[in-house]
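Enquirer: with the input below, show me the fold.
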Amino acid sequence: MAGIDLGLADLAVIICSDGHREKVAAPRHLRAAQRRLAREQRALARKEKGSSNRAKARVKVAAVHRKVRETRLDHHHKLALRLIHENQVVAVEDLAVVGLARTRLAKSVHDAGWSLLVRLLEEKAAQHGRRVVRISRFTPSTRTCSQCGAVGEAKALHIREWTCECGAHLDRDFNAAVNILDAAGLAESLNACGADVRHEVARAVRSDAGTHRTDPDHPVEAA
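Expert: Coordinates of the predicted model:
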């Protein structure tokens, strides 16, 4: 079982019921193609309207957009298939993408392709007999301490780690992923079986920076 917190800096932060945790960096396909796209758009703007050269320039701009779209689709297909193969149940948050796309983060939100990833997860889950659980967007997954359950104040985006009143030093994204897993009823059922991994995996450690996958031979230690 896996809980996934979708984001912009990291496309997906994953917590598994076996204690494995992972951060999948956002590939930012549109940002990577921004320079080439700007060059082709400038060339298009210089062409005379109605001319054959303008038609050719328009095709070049469309080709850049198509390349970005197809590269994003390929990346999300592979990630969704891996997650479905590795887990029987996947819990994700039902994000208000339309609302977020109206903010100053609109370009990054569209570039991340959250809706596409969730749709692919659901399609592949249906094909392979797995299950995807959507958690309400109003669940306070980020500001709830996954160790004591206390709901704190809303955290600004630049706050990536904090210490709860119970003493747990939490990583924002891992903490949210654990709470998403818990909100789906998956972490609690795991605890009922005697395993208690959801508290420790949400803690922040110095080695998190720049790390995409936790080494299973070196378990996470409390900060």
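Enquirer: quick one, phi/psi of the residue of the chain most remote from its centre?
Expert: Here the centre of the chain is the reference, and by C-alpha atoms, centre = their mean the most remote residue is Ser51, at 43.5 Å. Dihedral pair for Ser51: phi -80, psi 160, per degrees, to the nearest 10.
Enquirer: I'd like the numbering to begin with 50 instead of 1 from here.
Expert: In the new count, where the first residue is 50, that last one comes out as Ser100.
Enquirer: so, low pLDDT: which residues of this structure?
Expert: 235-272 (pLDDT under 70).
Enquirer: does anything pack onto the longest helix along it? Which helices or strands?
Expert: Longest helix in the chain by number of residues (criterion: DSSP state H): helix 101-135. When contacts are defined as 3 or more C-beta pairs under 8 Å, 6 or more residues apart in numbering; DSSP states H and E, helix 101-135 sits against strand 51-55, strand 59-65, helix 78-81, helix 83-95, helix 163-177. C-beta coordinates here come from the backbone N, C-alpha and C atoms, glycine included.
Enquirer: using CSV, write down the CA coordinates of the next helix-or-strand element following it.
Expert: Of the helices and strands lying after helix 101-135 in sequence (DSSP states H and E), the nearest is strand 138-142. Coordinates of each C-alpha in strand 138-142 appear next as CSV, following Å, rounded to 0.1, in the frame of the first residue of the first chain:
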residue,chain,number,x,y,z
VAL,A,138,-3.7,0.0,-3.1
VAL,A,139,-2.6,3.6,-3.9
ALA,A,140,-4.0,6.6,-2.0
VAL,A,141,-3.8,10.1,-3.6
GLU,A,142,-5.2,13.5,-2.7
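Enquirer: who touches strand 138-142?
Expert: 50-55, 132-133, 167, 170, 174, 179-184, 186, 188, 190, 225, 229-230, 232-233, 235 (C-beta atoms under 8 Å, 6 or more residues apart in numbering).
Enquirer: go on, stretch 116-134?
Expert: 51, 53, 60-61, 63, 73, 76, 78-79, 82, 86, 139, 160, 162, 165-166, 169-170, 172-174, 177, 179.
Enquirer: swap in stretch 73-88?
Expert: Taking C-beta under 8 Å, 6+ apart as the rule, stretch 73-88 contacts 56-63, 110, 113-114, 116-117, 120-121, 124, 128, 156-157, 159-161, 261.
Enquirer: any of those buried? List them.
Expert: Buried members of these, scored by 16 or more other C-beta atoms under 10 Å, are 56, 59-63, 110, 113, 117, 121, 124, 128, 157, 160-161.
Enquirer: so which of those comes closest to Cys194?
Expert: Nearest to Cys194 out of these is Val62 (C-beta to C-beta; 16.6 Å).
Enquirer: next up, the contacts around the closest one.
Expert: Applying C-beta under 8 Å, 6+ apart to Val62 gives the contacts Ile53, Asp54, Gly56, Arg70, Glu71, Lys72, Val73, Asp222, Phe223, Ala225, Ala226.
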